[in-house]
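Undergrad: build the 3D model from these lines:
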Amino acid sequence: MDTAQILHDLGSIRFNVSFLYDLVEHLNGCAHIKDAQTGKFIYSNYSNAAALKLDSVDHLIGLSAADILSQDCRFYGNLDLNANILSWIDCELANTEKIDHQVKSTKRALQIKHIYFTVGGALQFERSIKFPLQDQKNQKTIAILTYSEDMTSRLGLHKLLQFYQQFYHGKEAIKKFLQHLKIDIYFHPYDLPTLKEIRILCTMRADNSIKYVARAMDTSPATATNHISQLRNKCLQPHYLHEIILKLRSLPTEAGRYAPFI
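TA: Modelled structure (predicted):
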């Protein structure tokens, strides 16, 4: 299915239940339809449910954004909800309401890019598009279709690290960042790299030569050598540093995973 073309043409298509449900099922990303008045889910594809660790889309039907983001619910209730993430939840709910209102009142599609958290606490950068779905007389927006795509892999490692620092403090930000990249298992859990060493590691993804790292980090070759040695010493095995670099270089540079957008 040509997703881009289908979404482009959607604005000229009136509300047709069978067509819309089929569209949601086949979109290559998280997609759902919710009631424009109540904000509750009417329909969803499996990608959206799976992102919330649900076995069936049936568990999403009838829920609202507030139901999903509530710190007391089963989705985000198990996270370490620090002040930054609690603030994000409040802003996310307010922004969702504001955007839905704009789409409903203007009867025009709206595209946004924003930060989102998975139910496991991983940070994701999303591009989402919301479409107003109107009644048969084309007079009233009765539902909103949302399609979202995970764009995290296009951020670059340094930018991703900055976002983790925005929401987590100190060593916790480093821990979450390493877990996100699935390289935390290579390091001693009680002797994680420093922020400077993490930046060195991100730079080594492009080129791990001392000359390149020193120039990129605006430091001397001797200092760069020392940081790289410290990184190697903090690995469970010395050769793990080479494996980490190979793994970082194998990361996708295009959007791949999906995250729910409410």
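Undergrad: hey, which strand is longest across this structure?
TA: If you go by DSSP state E, the chain has its longest strand at strand 123-134.
Undergrad: now the angle between strand 123-134 and the next helix or strand after it, please.
TA: Going down the chain from strand 123-134, the next helix or strand is strand 141-150, by DSSP states H and E. Counting by axes from the mean of the first three to the mean of the last three C-alpha atoms, to 10 degrees, strand 141-150 lies at 150 degrees to strand 123-134.
Undergrad: show me what strand 141-150 is packed up against.
TA: helix 17-26, strand 30-35, helix 83-106, strand 123-134 (3 or more C-beta pairs under 8 Å, 6 or more residues apart in numbering; DSSP states H and E). Just so you know, the C-beta spots here come from the backbone N, C-alpha and C atoms, and that holds for glycine as well.
Undergrad: now the longest strand of the chain: average pLDDT?
TA: This predicted structure assigns strand 123-134 an average pLDDT of 91.
Undergrad: what are the buried residues along it?
TA: Residues L123, Q124, F125, E126, R127, S128, I129, K130, F131, P132, L133, Q134 are the ones in strand 123-134 that count as buried (16 or more other C-beta atoms under 10 Å).
Undergrad: mean neighbour count, the helices and strands packed on strand 141-150: which tops it?
TA: strand 30-35 (a mean of 24; mean count of other C-beta atoms under 10 Å).
Undergrad: and that strand, which strands flank it?
TA: strand 41-44 (antiparallel), strand 141-150 (antiparallel) (DSSP bridges).
Undergrad: quick one: mean pLDDT for the last one?
TA: Within the predicted structure, the mean pLDDT of strand 141-150 is 90.
Undergrad: quick one, that strand and helix 83-106 angle?
TA: Using the same axes, to 10 degrees: strand 141-150 against helix 83-106 is 140 degrees.
Undergrad: list the helices and strands the longest strand of the chain packs on?
TA: helix 83-106, strand 110-117, strand 141-150, helix 157-167.
Undergrad: dump the helices and strands packed on strand 141-150 into a markdown table; add distance to Y240 as well.
TA: Formatted as a markdown table, the helices and strands packed on strand 141-150 follow (distance: least, C-beta to C-beta, whole Å):
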| stretch | distance to Y240 |
| --- | --- |
| helix 17-26 | 42 |
| strand 30-35 | 34 |
| helix 83-106 | 31 |
| strand 123-134 | 24 |
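Undergrad: least confident of the ones you listed, on average?
TA: helix 17-26 (a mean of 80).
Undergrad: tell me the angle that helix makes with strand 123-134.
TA: Computed by the same axes, to 10 degrees, the angle between helix 17-26 and strand 123-134 is 170 degrees.
Undergrad: how far out from the middle of the chain is helix 17-26?
TA: 24 Å (C-alpha atoms, centre = their mean, to the nearest Å).
Undergrad: nearest to E197, of the buried residues of strand 123-134?
TA: L123 (20.3 Å; C-beta to C-beta).
Undergrad: the residue nearest to that closest one when sequence neighbours are not counted and F117, how far apart?
TA: Nearest non-adjacent residue to L123, counting by C-beta to C-beta, 6 or more residues apart in numbering: F163, 5.5 Å away. Distance of F163 to F117, given as C-beta to C-beta, to the nearest Å: 11 Å.
Undergrad: between those two, which contacts overlap?
TA: L123 (C-beta atoms under 8 Å, 6 or more residues apart in numbering).
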